[in-house]
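sequence below, structure please.
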Amino acid sequence: MAKTGFNSELFKFAVYPNYDTAISFLADTLADKEDWDFSDSVKKNHGILKNYLEFTFRKLVQEKKVRFTADNKFACFNTGLVTENLEDIFAFFEEYKNPRPGFTAPFCFKAFLKKSDNTVLRHFSDSIPEVADFFDKPELLIFNPKCDLIPDLDHIIKDNLLRFPAHLQKADDAELRRQLVGAIHEVKKKVRTNYKIAVPQYYDSKIQLLLPLCLTSGSPNPDLALVIHKLNDTTYTARTCLTLKMAYNNARLIVKPQSNWLKP
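Residues are numbered from 1 along each chain as shown. Prediction:
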């Protein structure tokens, strides 16, 4: 059974005899092709995909969309992923029949299966599991250029210093503020002329938007992602920023980011 670096709900729900093998099959063979590792990862282990499945499962549990057979011997959930032919992909589980000491999960993972697979149809044809719903308010997915954007600079600097580029972590507060003000002013102009720059993310049960912050002089690439959220019909606020890896993981929960600045 594979280990995870946090309190995994997936691993409370089921035992995974060959987790990494199953994840590799899902990423490399079954699902439509996508980059599931960050470009600078030394070891390729589909870390983005593992994060995606964990938090998708949590959302499905919250929405009561994990399906069970009447006798509770089988379970299934919709991963939200599709094959290259756009068939939904499901995670399929069987009752854990041989529990060992220390293993309290009620199910055992069997396979990732496409919708047309006989196993899925045999057990769940009358209750095909639905995808997680991140779109209760679709209007939050698009940046509104008519709204003001007011950042809490002190909070951003105080709580996120270690996420800033190394050369700025040693700068005094005044220099940090100047760099941050300049970067936010620049991205406010950019996003008002191209709303697609703002990438939606799902975090803490809310839809937020991510904006690229370029803090390193001469670099064409952003250093951080500014997190903005709607206060009301006229105002966005920003109180934190994320590393690009954190931002991508959060954004990928909704959909594969179609952005020229937020990439794995």
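
any low-confidence regions in the stretch 51-200 of the chain?
The model of the stretch 51-200 of the chain has pLDDT under 70 over residues 99, 101-103.

kindly recompute the last result at 90.
97-105, 134-140, 167, 170, 172-173, 195-196 (pLDDT under 90).

quick one: buried residues of the helix or strand that contains L180?
Using DSSP states H and E, L180 maps to helix 173-193. Going by neighbour count (16 or more other C-beta atoms under 10 Å), the buried part of helix 173-193 is 176, 179-180, 183-184, 187-188, 191. To be clear about C-beta, it is placed using only N, CA and C from the backbone, and glycine gets the same treatment.

let me have the residues you listed in a markdown table, adding distance to K114 as columns.
A markdown table is the format used below for the buried residues of helix 173-193 (distance: C-beta to C-beta, whole Å):
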| residue | distance to K114 |
| --- | --- |
| L176 | 50 |
| Q179 | 49 |
| L180 | 47 |
| A183 | 44 |
| I184 | 45 |
| V187 | 40 |
| K188 | 44 |
| V191 | 38 |
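
ok, now how distant is N250 from D88?
Note on N250: its distance to D88, by C-beta to C-beta, to the nearest Å, is 23 Å.

all helices of this protein, in order?
9-13, 19-25, 47-62, 118-124, 153-160, 166-169, 173-193, 244-252 (DSSP state H).

and the contacts of the helix holding L180?
Residues outside helix 173-193 that contact it (C-beta atoms under 8 Å, 6 or more residues apart in numbering) are 143, 145, 149, 151, 153, 156-157, 161, 164, 168, 171, 197-198, 211-215, 226, 238.

pull out the buried members of those residues.
143, 149, 151, 153, 156-157, 164, 168, 197-198, 211-215, 226, 238.

residue contacts, D159?
So D159 contacts T240 (C-beta under 8 Å, 6+ apart).

typo on my end, it should be S127
Contact partners of S127, counting by C-beta under 8 Å, 6+ apart, are R67.

how close does it get to E186?
50 Å.

returning to what we had before: narrow the buried ones among the contacts of helix 173-193 to those in strands?
149, 151, 211-213, 226, 238 (DSSP state E).

once you drop chain neighbours, what's closest to T83?
Nearest non-adjacent residue to T83, counting by C-beta to C-beta, 6 or more residues apart in numbering: K114, 5.5 Å away.

hmm, E87 and the one you found touching each other?
Yes: between K114 and E87 there is a contact at 4.5 Å, judged by C-beta atoms under 8 Å.

pairing partners for the closest residue to P151 other than its chain neighbours in the sheet, please.
Using C-beta to C-beta, 6+ apart and skipping residues adjacent in sequence, the residue nearest P151 is A238, 4.1 Å away. Beta bridges link A238 to P151, I228, judged by DSSP bridges.
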